[in-house]
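**Q** Got a predicted structure plus its sequence, pasted below:
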Amino acid sequence: MVTDHSCSTLMSAILKPPEVQLEPMQLAQLPMVLAIEQRAYAHPWSLANFRDSLNAGYEARLLTGGSTLIGYFLAMKGVDEVHLLNITVDPAYQRQGWARLMLDALAIWARGQGAQWLWLEVRVSNLQAMQVYESQGYRRVGKRKAYYPNGDGKREDAVVMSLRL
């Protein structure tokens with residue numbers, strides 16, 4: 001029998017947003033990160049790419065919900081700008097607003113570092129990502145020819161996007 005109380009408890013559990021946090025990415029967590037990277041992309045970053053980024057001291061954050069890794073981002077600070085190198089949401093959690101949350105966190109961090117601009121590249125074929133970036137205020141400002149590997153020795157162009165902070 002469903003009572004008003006049990007229905008209310010069930011609705012609270014369903015509607016309650018999960019507790020999430022952004023935490024620094026550590027070398028020991030790279031196997032989990034790499035597993036998501038490989039599920040998310042046809043041409044994923046390598047373990048060496050992640051290791052080099054961490055060893056260089058780039059801003060690298062994990063978005064976790066309890067013990068679940070939802071996504072991550074890595075960014076490189078310049079003089080008055082930050083370059084987003086990689087942002088990924090586990091395919092199981094895509095289209096739920098997590099990329100936007102991480103982009104907001106990145107912008108807050110970048111402002112705190114004195115950055116005036118955020119920059120990124122995105123594959124010309126990744127229309128979904130471009131829509132997310134544009135919804136966050138990023139603008140298309142250029143193109144990099146043959147920037148990304150695309151299999152069979154071919155390359156794909158990148159759209160360069162920026163956000164004035």
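**A** Right, received. Where do you want to start?
**Q** is it fair to say residue 62 lies in a strand?
**A** Yes. The assignment for residue 62 by DSSP: H, G, I helix; E, B strand; the rest coil puts it in a strand.
**Q** ok, it - contacts?
**A** Under the criterion of C-beta atoms under 8 Å, 6 or more residues apart in numbering, the neighbours of residue 62 are 22-25, 29, 33, 69, 71-72. Every residue, glycine included, has its C-beta placed from N, CA and C.
**Q** So which of these sit within helices?
**A** Under the assignment DSSP state H, those contribute residue 33 to helices.
**Q** buried set for the lengthiest helix in the chain?
**A** Ranked by residue count, the top helix of the chain under DSSP H comes out as helix 98-112. Across helix 98-112, burial judged by 16 or more other C-beta atoms under 10 Å covers 98-99, 101-103, 106-107, 109-110.
**Q** that older thread, would you list the buried entries among the contacts of residue 62?
**A** Among the contacts of residue 62, those buried by neighbour count (16+ other C-beta under 10 Å) are 22, 25, 29, 33, 69, 71-72.
**Q** Give me the distance between the two termini of stretch 74-84.
**A** Counting by C-alpha to C-alpha, to the nearest Å, you get 6 Å between the two ends of stretch 74-84.
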